[in-house]
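Novice: Sharing a sequence plus its predicted fold:
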Amino acid sequence: MDALLKWFRENDGKIRDLAPRDQRDFPHLVAMAKGHALFNLPQRDHTPGETLTAKTEDIESAKLICAKIIESNRLGLPPYAYDWWMESLSSLLEAAGEEGLTKTQFSQSYYNRFKTRLSDKSRRRLIATFDEAGFLEERINPGDKRTTKLYALGVGVGNEIKNNLEEESTSYAKNPNLDNYDGKLRVEGASLQGKLEKILGVFATYPDEALREDLVLGLLFDPLGIGADEGRKFLSVLLRNGKIFSPRPGYLKLTGGE
């Protein structure tokens, strides 16, 4: 048990403060070691109906299994999807840049990796999973508004932001007494890194407190002007990068706080 706990703290425990959502994985690790020992029952010291002594081999096997799913489990992705992302999909999406990735290209990449076809229903579900985890965005294809394309988070929005800024700035110039004009345009036009820093600034204001997710989203919208859907994606990125963590369901906290 001590050996497993030490390994867990050093690995699943790259963990960023060992939040409860991460600590819950430890019983699964212990269960894997027990299962491996039970599978090899004839070769283990045991008292029928009472105790079974696991060997180092059982512990090492549990570590091997757990190491393959630690990161994907933390991010809320199936292990196969996370492996695909790391091996090829992320590079493909990055290479697509502002052109974006078509769904046909997405499906072709899936076929190249798994040698099986991806149904429309499965593709929609898989894209939604990546989207919710903050890995990519699905947006209207500017060349054909009947279709959508996939983009790395924050990529391919430059012209859209520029046009929106020009339109809204013109509107403000014509109507200088607009009640809702409060400087949000500067945030909407900010870079991805700039937005992430502003969001971290919200948490830095309350470094020792766990904040309700709905409260955080409210603070992102007013005064920062970041909508709920976009805010959730940015929060997913910060969770994935270990900048914030979830001490309990529905709450978020700055990593490193008390």
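Specialist: Cool, the structure landed. Everything numeric here is computed off the predicted structure, so don't read it as measured data.

Novice: While we're on the spatially closest residue to residue 69 that is not a sequence neighbour, how confident is the model there?
Specialist: Sequence neighbours aside, residue 79 is the residue nearest to residue 69 in space, at 4.9 Å (criterion: Cβ to Cβ, 6 or more residues apart in numbering). C-betas here are computed from N, CA, C, even on glycine. We have a pLDDT of 89 for residue 79.

Novice: go on, residue 1?
Specialist: For residue 1, the predicted pLDDT is 54.

Novice: swap in residue 104?
Specialist: Note for residue 104: predicted pLDDT of 93.

Novice: Can you give me the distance of it to residue 118?
Specialist: 10 Å (Cβ to Cβ, to the nearest Å).

Novice: The two: which is more packed in?
Specialist: Neighbour tally, residue 104 and residue 118, criterion other Cβ atoms under 10 Å: the higher count belongs to residue 118, 18 against 10.

Novice: Give me the distance between that one and residue 86.
Specialist: As judged by Cβ to Cβ, residue 118 and residue 86 stand 18 Å apart.

Novice: and what of residue 114?
Specialist: Residue 114 is 14 Å from residue 86, by Cβ to Cβ.

Novice: and if you look at residue 208?
Specialist: Using Cβ to Cβ, residue 208 is found at 34 Å from residue 86.

Novice: Which one's more surrounded, the two?
Specialist: The neighbour count for residue 208 versus residue 86, taken as other Cβ under 10 Å, is higher for residue 86 (12 against 8).

Novice: isn't there a helix covering that one?
Specialist: Yes: Residue 86 sits within a helix when classified using DSSP: H, G, I helix; E, B strand; the rest coil.

Novice: pLDDT score assigned to it?
Specialist: Note on residue 86: pLDDT of 90.

Novice: cool, and residue 180?
Specialist: What the model reports as pLDDT for residue 180 is 40.

Novice: any idea which helix or strand comes after the worst-scoring helix or strand of the chain on mean pLDDT?
Specialist: Taking mean pLDDT, DSSP states H and E as the measure, helix 184-188 is the helix or strand of the chain with the lowest mean score, a mean of 39. Moving toward the C-terminus from helix 184-188, the next helix or strand (DSSP states H and E) is helix 192-205.

Novice: Same question for that following helix: list its buried residues.
Specialist: Across helix 192-205, burial judged by 16 or more other Cβ atoms under 10 Å covers 195, 196, 198, 199, 200, 202, 203.

Novice: Any chance of a markdown table for these, columns pLDDT and distance to residue 29?
Specialist: Putting the buried residues of helix 192-205 into a markdown table (pLDDT from 0 to 100; distance: Cβ to Cβ, whole Å) gives the following:
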| residue | pLDDT | distance to residue 29 |
| --- | --- | --- |
| 195 | 79 | 36 |
| 196 | 82 | 32 |
| 198 | 84 | 37 |
| 199 | 87 | 32 |
| 200 | 88 | 31 |
| 202 | 86 | 34 |
| 203 | 89 | 30 |
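
Novice: which pair in the residues you listed spans the largest distance?
Specialist: 195 and 203 (13.5 Å; Cβ to Cβ).

Novice: can you pull the buried residues of the helix or strand residue 26 falls within?
Specialist: Here residue 26 is covered by helix 25-39, with elements defined by DSSP H and E. Residues 25, 26, 29, 30, 32, 33, 36, 37 are the ones in helix 25-39 that count as buried (16+ other Cβ under 10 Å).

Novice: Also stretch 83-95?
Specialist: Residues of stretch 83-95 classed as buried: 83, 84, 85, 89, 92, 93 (neighbour count, 16+ other Cβ under 10 Å).
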